[in-house]
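Q: quick one: sequence plus predicted model below, questions after.
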Amino acid sequence: MAKVEPNQEGKSIVLRGAFNPKIFSPMWFVRHDLLPKEEAEAADNVIVTADISTFTAGWLHIRALQPEFFASAAESDRFEALRDIVLGAFQILEHTPVTSMGINSDLHFSTLSKPAQSAIIERFVNISSWSTVLPGEEFISLSTRGKRADGREGHCQVRLEPSRRIENGIFLAINDHFELYKSGDEATAARACDVLKNCWRDAITRVGAIVEHVVHT
């Protein structure tokens, strides 16, 4: 199969821990030189409360809950900026309790035809054997998880589904998960910052390798 570039791609960074949502207003990011003032002032869907803060400023979407902080971008040329904003925010908030973090990628591919889509699915796992016990079975979702190869705690999980946005397309969701809490230790955002500084490039490379294996082989 010829190399196929994703038709749509998004990336998100998700931290789990204990957060104070109210501080994550658009202007907080401005005050710390993480977001241009004009983008913050034009932000849409702004909610800032003690329980949830959320806004969309151009390409950037932020959502903060007490147990979770989520930041995402849907433009590939903004992925580095996404990483820099999250890194900058939690370098400032380095003592915030953070127990785990995911660097997540969502990709939609057009396979051009139903047979091409089926070939990719079959490479992921053999589903034809189900036809004898589930007549007319339809592929919905497949996932696999592997251990980290970098010595850090966590895993990498890949989910394959038909794309709901592109006819006969493929959707890949890749969760590069890092466990930051160790028993007896204080888990803080400083560990998440260390991952973003030292593991970001490897995470991007891993996405490319997974796409090559699933879509292009």
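A: Cool, the structure landed.
Q: going by C-alpha atoms from here, please, whenever you check contacts or count neighbours.
A: Fine.
Q: in stretch 29-37, what's buried?
A: Of the residues in stretch 29-37, 29-30, 34-35 count as buried by neighbour count, 16 or more other Cα atoms under 10 Å.
Q: among those residues, which ones are in strands?
A: In strands, defined here by DSSP state E, there are no members of these.
Q: can you list those in CSV and add pLDDT and distance to residue 204?
A: Converted to CSV, the buried residues of stretch 29-37 look like this (pLDDT from 0 to 100; distance: Cα to Cα, whole Å):
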residue, pLDDT, distance to residue 204
29, 98, 25
30, 98, 27
34, 97, 22
35, 97, 23
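Q: from those, which is closest to residue 156?
A: residue 34 (28.9 Å; Cα to Cα).
Q: doesn't residue 88 make contact with the closest one?
A: Yes - using Cα atoms under 8 Å, residue 34 is in contact with residue 88, at 6.9 Å.
Q: restricted to helices, list the buried residues of stretch 29-37.
A: Those of the buried residues of stretch 29-37 mapping onto helices are 29-30, per DSSP state H.
Q: list the contacts of the longest helix seen in the chain.
A: When the chain is parsed with DSSP H, its longest helix is helix 79-92. By Cα atoms under 8 Å, 6 or more residues apart in numbering, the surrounding residues in contact with helix 79-92 are 11, 13, 29, 32, 34-35, 60, 71-73, 96, 189-190, 192-193, 196-197.
Q: buried ones among these?
A: Using 16+ other Cα under 10 Å as the threshold, 11, 13, 29, 34-35, 60, 71-73, 96, 189-190, 192-193, 196 are the buried ones among the contacts of helix 79-92.
Q: could you single out the nearest of those to residue 20?
A: residue 96 (9.0 Å).
Q: ramachandran coordinates for the closest one?
A: Main-chain torsions, residue 96, degrees, to the nearest 10: phi -60, psi 130.
Q: ok, now which ones touch it?
A: 17-19, 90, 188-189.
Q: quick check: it vs residue 90, distance?
A: Here residue 96 is placed at a distance of 8 Å from residue 90 (Cα to Cα, to the nearest Å).
Q: what about residue 109, neighbour count?
A: When neighbours are counted by other Cα atoms under 10 Å, residue 109 registers 24.
Q: now do the one helix or strand it maps to and helix 79-92, the angle between them.
A: Using DSSP states H and E, residue 109 falls within strand 98-110. Per axes from the mean of the first three to the mean of the last three Cα atoms, to 10 degrees, the angle that strand 98-110 makes with helix 79-92 is 170 degrees.
Q: next one: the helix or strand just after strand 98-110 to chain centre, how far?
A: Sequence order places helix 114-124 as the next helix or strand after strand 98-110, per DSSP H and E. Put simply, helix 114-124 sits 24 Å off its chain's centre (Cα atoms, centre = their mean, to the nearest Å).
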